[in-house]
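Colleague: make a model of this:
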Amino acid sequence: MDFYTLSVLTAIIIALGFASESLARGTEELEKGLSQGIAGGLVLGFLTSLPETIFVIVAIIDKKYSVALGSAIGGNVVLFTFGIGLIGLAYFFKWKSKLRMKGDYKVENRFLILTTISMALIIVYGKLNIITAIPLFFIYIYYIFYRLNKRENREIDKINMKKALTYLSIGAIIIVTLSGFFVNYLYVTAKDFGISPAWLALVITPIASELEEKISALRLTFANSEGGSLAIVSFIGSKIENATVLLGLIGLFSSFNLNTTLPEIIAAFIANIIGLVTLLDGKLGAKESTFLMILYFFMIYVSFIFTK
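Modeller: Numbering: from 1, shown residues only. Take a look at the predicted model:
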């Protein structure tokens, strides 16, 4: 059991957390001048997925496909359970009412249904390869064009572009610099402790990459009564990318058999369904939120047991 490796991995995660916070501040500045659909679904979604995207690319280059898979879908598991639950609970305590979705969030919901169906088909097929990659890329490209056509017009002169780009650049540079070390140390740590690299990536990657998304979401939730809706839209937008582009990248550069990582991808599939069911009527109360937060830990535990 190498505690030096674990210590280095912990230090890298902390540094990546600071980088993610920098990304969050940059995306919040951009959000000021964009509509909910564009900022939440595309801009916020893309930028908040940047850490996982880089982790996945580095893992693919290193041929650590199980780490790439865990990094790609880990965010879906945590944000559609613990993340949405956290926002719902925070909203309830701040505004003393259920969180009600507003604006054009239903577009994201439709595409989330489509990506969930795609994940189900991939689980049945049992592989990530070029056959799965092409449809996944097509779904995300279609989502981008559909969202742009449905965008709302809104003034953008409130954006401090220099401030936004500074925060985004700092965050991106740190993430690019440390991503290779993160992937390697995560893989080595998993082997040292005798656990699945895919499972560890499923748990650890969201800590390093999703922290800023939760912080940003909480800020939006506390800022005004519509912030909770935008926060959840950004969750959905970024996870649509994870379940299409990131899984597509793995399939594009490999023919990865899912047999050894089925518990992880099934957990992500279930999390997608939970997210859809929870948001079906556009409302989220304290009881549902608490249940979702508890459910996250249960799913991680069950995934670990079946991985072993």
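
Colleague: pLDDT averaged over stretch 7-19, what's the number?
Modeller: Here stretch 7-19 scores 90 as its mean pLDDT.

Colleague: so what touches it?
Modeller: In this structure, residues lying in contact with stretch 7-19 by CB atoms under 8 Å, 6 or more residues apart in numbering are 51, 170-172, 174-175, 178, 181-182, 185-186, 189, 204, 207-209, 211-212. Any C-beta I mention is one placed from the backbone N, CA and C, and that applies to glycine too.

Colleague: of those residues, buried ones?
Modeller: Buried residues within these, defined by neighbour count using 16 or more other CB atoms under 10 Å: 51, 170-172, 174-175, 178, 181-182, 185-186, 189, 204, 208-209, 211-212.

Colleague: list the buried residues in the strand or helix carrying Arg25.
Modeller: Using DSSP states H and E, Arg25 sits in helix 3-31. Residues 5, 8-9, 12-13, 15-17, 19-31 are the ones in helix 3-31 that count as buried (16+ other CB under 10 Å).

Colleague: in contact with the residue minimising distance to the centre of the chain, which residues?
Modeller: Nearest to the geometric centre of the chain sits Gly75, at 3.5 Å (CA atoms, centre = their mean). Neighbouring residues of Gly75 by CB under 8 Å, 6+ apart: 49, 52, 205-206, 209-210, 213, 238-239, 242.

Colleague: in helices, which of these fall?
Modeller: Here DSSP state H is the test, and the contacts of Gly75 give 52, 205-206, 209, 213, 238-239 as lying in helices.

Colleague: specify which member of the residues you listed is nearest to Leu279.
Modeller: Lys239 (12.2 Å; CB to CB).

Colleague: for the stretch 201-308 of the chain, which segments count as helices?
Modeller: 211-223, 227-241, 247-252, 262-279, 286-307 (DSSP state H, counting those that start in this stretch).

Colleague: check which helices and strands the first one sits against.
Modeller: Judged by 3 or more CB pairs under 8 Å, 6 or more residues apart in numbering; DSSP states H and E, helix 211-223 is in contact with helix 3-31, helix 44-48, helix 84-95, helix 227-241.

Colleague: please save the CA atoms from it in PDB.
Modeller: Output of helix 211-223 as PDB, limited to C-alpha atoms (Å, rounded to 0.1, in the frame of the first residue of the first chain):
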ATOM      1  CA  LEU A 211     -16.300  20.600  -7.500                       C
ATOM      2  CA  GLU A 212     -16.600  23.900  -9.400                       C
ATOM      3  CA  GLU A 213     -19.900  22.900 -10.900                       C
ATOM      4  CA  LYS A 214     -21.400  22.300  -7.500                       C
ATOM      5  CA  ILE A 215     -20.000  25.600  -6.200                       C
ATOM      6  CA  SER A 216     -21.200  27.500  -9.200                       C
ATOM      7  CA  ALA A 217     -24.600  25.800  -8.900                       C
ATOM      8  CA  LEU A 218     -24.900  26.800  -5.300                       C
ATOM      9  CA  ARG A 219     -24.000  30.400  -6.000                       C
ATOM     10  CA  LEU A 220     -26.600  30.500  -8.700                       C
ATOM     11  CA  THR A 221     -29.200  28.900  -6.400                       C
ATOM     12  CA  PHE A 222     -28.600  31.400  -3.600                       C
ATOM     13  CA  ALA A 223     -28.300  34.400  -6.000                       C
END
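
Colleague: number the chain from 31, please
Modeller: Sounds good: first residue 31 from here, last item helix 241-253.

Colleague: tell me which residues in that helix are buried?
Modeller: 241-248, 250-251.

Colleague: so which one among those residues has the lowest pLDDT?
Modeller: Out of the buried residues of helix 241-253, that is Glu242, at 68.

Colleague: any idea how many residues pack against Ile189?
Modeller: Residues contacting Ile189 under the criterion other CB atoms under 10 Å number 15.

Colleague: what of Leu310?
Modeller: 9.

Colleague: where does this protein dip in pLDDT?
Modeller: 31, 61-75, 78, 133-134, 180-188, 242, 338 (pLDDT under 70).

Colleague: scan it for its longest helix.
Modeller: Assignment by DSSP H gives helix 191-223 as the longest helix of the chain.

Colleague: check contacts around Ile204.
Modeller: Counted by CB under 8 Å, 6+ apart, Ile204 has contacts 45-46, 48-49, 52.

Colleague: and which of those is nearest to Glu318?
Modeller: Distances from Glu318 to the contacts of Ile204, taken by CB to CB, are shortest for Leu46, at 30.6 Å.
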